[in-house]
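S.K.: any chance you could fold what I've pasted below:
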Amino acid sequence: MTAFYFAAGLFILLTIAGGLVRVLRGPGSSDRLMAAQLSGSGGVAVLLLLAAAMGQTAIIDVALMLGILAVFASVGFVTWRSDGNG
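M.R.: Coordinates of the predicted model:
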């Protein structure tokens with residue numbers, strides 16, 4: 001089962017890499033925001049898979065903090081956009 005967790009984590013990392021290309025070349029700011037959200041949620045998923053594969057519960061705390069930071073980044077971006085910037 002550990003090999004499956006690592007394989008799923010690798011697949012999610014490849015998906016995140018594709019999303020990072022969209023962050024750099026996105027046609028609009030909303031596309032970039034969605035790609036950044038994909039990176040945040042994908043990072044959480046990879047960390048949770050690693051925690052399950054390695055049996056390390058401390059990684060779950062790191063995944064939760066990454067999820068909270070992704071939400072704050074989105075809120076900050078929306079607030080910045082509503083002020084007329086960008």
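
S.K.: and the helices in the chain, which stretches?
M.R.: Counting by DSSP state H, the segments of the chain that form helices are 2-25, 29-54, 58-82.

S.K.: list the buried residues of the longest one.
M.R.: It stands for helix 29-54. 32-53 (16 or more other Cβ atoms under 10 Å). Every C-beta, even on glycine, is put in place using the N, C-alpha and C of the backbone.

S.K.: and if you look at the first one?
M.R.: Neighbour counts using 16+ other Cβ under 10 Å place 5, 9, 12, 16, 19, 22 of helix 2-25 among the buried residues.

S.K.: rewinding a little: let's have the helices of the chain in CSV, adding mean pLDDT.
M.R.: Output for the helices of the chain, formatted as CSV (pLDDT from 0 to 100):
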stretch, mean pLDDT
helix 2-25, 89
helix 29-54, 89
helix 58-82, 87
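
S.K.: distance of the residue nearest to the spatial centre of the chain from residue 69?
M.R.: In the chain, the C-alpha closest to the average C-alpha coordinate belongs to residue 40, at a distance of 1.7 Å (Cα atoms, centre = their mean). According to Cβ to Cβ, to the nearest Å, residue 40 and residue 69 sit 7 Å apart.
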